[in-house]
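Undergrad: need a structure here:
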Amino acid sequence: MRNFLNGSDGFTNFKVDVRDLDDRYEVDADLPGLHREMIDVSYDDGILTISADMNEESRTEKDNYVVNERRMGRVSRSFSVNDVKENEISAEYKDGVLKVVLPKSGEEKKKSKKIDIR
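TA: Model (predicted):
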């Protein structure tokens, strides 16, 4: 399983898919190599935030070489998601993918208005 901080580009973020379905929003975040306890999900004032802490250490001894590597860091992504029933938000982490379900409240969306420029 690939760890999320490994990567040729110094991977410092994670991939996320956000779907707008009829009755809910679904967010899938790729966070392979983590334990559930390393991931935080919060919803505050219309903002969904997914963050994860990575603290990894590996030690390899072979012949006369000793390799001791450490990786530490925090990644976070935030999304504006309105029209949500806050008390019914759920999350599940399975096979390296975090799935967050945000049921819609059914409240009428704010209508936009075009502003003429003079």
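Undergrad: per-residue confidence for the residue nearest in space to the middle of the chain?
TA: When C-alpha atoms, centre = their mean is applied to the chain, the residue found nearest the centroid is Ile50 (3.9 Å). In the predicted model, Ile50 carries a pLDDT score of 95.
Undergrad: my read is it is in a strand, agree?
TA: Yes: per DSSP: H, G, I helix; E, B strand; the rest coil, Ile50 lies within a strand segment.
Undergrad: contacts only, for it.
TA: Val16, Val27, Ala29, Ile39, Asp40, Val41, Ser76, Arg77, Ser78, Leu98, Val100 (C-beta atoms under 8 Å, 6 or more residues apart in numbering). (C-beta placed from N, C-alpha, C; glycine too.)
Undergrad: so how far is Lys113 from it?
TA: As judged by C-beta to C-beta, to the nearest Å, Ile50 and Lys113 stand 32 Å apart.
Undergrad: any stretches of this structure with poor pLDDT?
TA: Along the chain, segments meeting pLDDT under 70 span 1-12, 108-112.
Undergrad: give me that answer again for 50
TA: The chain contains residues with pLDDT under 50 at 1-11.
Undergrad: for it, which segments are assigned as strands?
TA: Ranges of strands within the chain are 16-20, 24-30, 39-44, 47-62, 65-80, 90-94, 97-103, based on DSSP state E.
Undergrad: got a list of contacts for the fifth one?
TA: Read it as strand 65-80. Counting by C-beta under 8 Å, 6+ apart, 3-6, 12-14, 16, 18, 27, 29, 46-61 sit against strand 65-80.
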